[in-house]
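Novice: test case, fold it:
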Amino acid sequence: MSGQTRGQKWLLIGFLGAIGLFFLYFLLFVASGKRLDPRYSRPRPADRISGSKAGFDGKLLLEKAQPFEFENLKMTYLGMADGKVVLDVVIIPLDAQYAYRHRIPRPLFGRPVRIAGRDMVVRSVDRNRLFLFLPSP
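Specialist: Take a look at the predicted model:
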C-alpha cells in the first residue's frame, strides 16, 4: 500500500466518522425533545397582547387575515394594495358587524395616523404582518 492510498484511506475514515458523529448528535437532539428558547421564537396569535393586559407597551403585531381585538376595536390586516396598507377596523360598541376599511399610504409610515379615534404609527409592514405602535396620549 502506498503512502498516498493510506492517506486517502484515513481521510475517508475521518470524513465518515465526522458524518457519523453529526448523525448521532442529530438523533440525540431530536430524541431529547429540546425546543428553541421561547425568547427567540415568534409568539402565537393567542399569546399576543390584549388591550386590557397590565403593562401594555403600545406595540401591536397583526397577522394577515387574523382578527385582533384591542380595547373596543377589532382590527384585521388585509395586506398591501397599490403601495398602501389595507386594514379593516370594527368599532365593537358602535356596530360589531361593520368594518371600516382604512388604506394607509407608504408616505405616512412612521407618522401618526388617526384610526378609530386613536393615533397609530405603522412601524413596519410586509406581506403577512403589520407592526403598529400606539403612542401614549
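Novice: how close does Leu27 sit to Leu21?
Specialist: Distance, Leu27 to Leu21, by C-beta to C-beta, to the nearest Å: 11 Å. Every C-beta, even on glycine, is put in place using the N, C-alpha and C of the backbone.
Novice: sorry, slip of the keys, the one I care about is Gly58.
Specialist: Gly58 sits 49 Å away from Leu21, going by C-beta to C-beta.
Novice: equivalent analysis for Ile104, please.
Specialist: On the measure of C-beta to C-beta, Ile104 and Leu21 end up 53 Å apart.
Novice: higher neighbour count, the two?
Specialist: Using other C-beta atoms under 10 Å, the more surrounded residue of Ile104 and Leu21 is Ile104, with 20 against 10.
Novice: would you map out the domains in the protein?
Specialist: Taking automatic domain parsing as the criterion, the chain consists of the domains 3-34, 39-133.
Novice: any idea which of these is most buried?
Specialist: domain 39-133 (a mean of 14; mean count of other C-beta atoms under 10 Å).
Novice: can you name the residues in contact with whatever helix or strand Thr76 lives in?
Specialist: Per DSSP states H and E: Thr76 is located in strand 73-81. With C-beta atoms under 8 Å, 6 or more residues apart in numbering as the test, strand 73-81 has contacts from 60, 62-68, 85-92, 96, 99, 103, 116, 118, 125, 127, 129-130.
Novice: among those residues, which lie within strands?
Specialist: Per DSSP state E, strands hold the following members of the contacts of strand 73-81: 60, 62-63, 68, 85-91, 99, 103, 118, 125, 129-130.
Novice: stretch 70-86: end-to-end distance?
Specialist: End-to-end span of stretch 70-86 (C-alpha to C-alpha, to the nearest Å): 18 Å.
Novice: can you check the pLDDT for the closest residue in space to Gly83 that isn't next to it in sequence?
Specialist: Leaving out its chain neighbours, the residue that sits closest to Gly83 by C-beta to C-beta, 6 or more residues apart in numbering is Arg106, at 4.9 Å. What the model reports for Arg106 is a pLDDT of 90.
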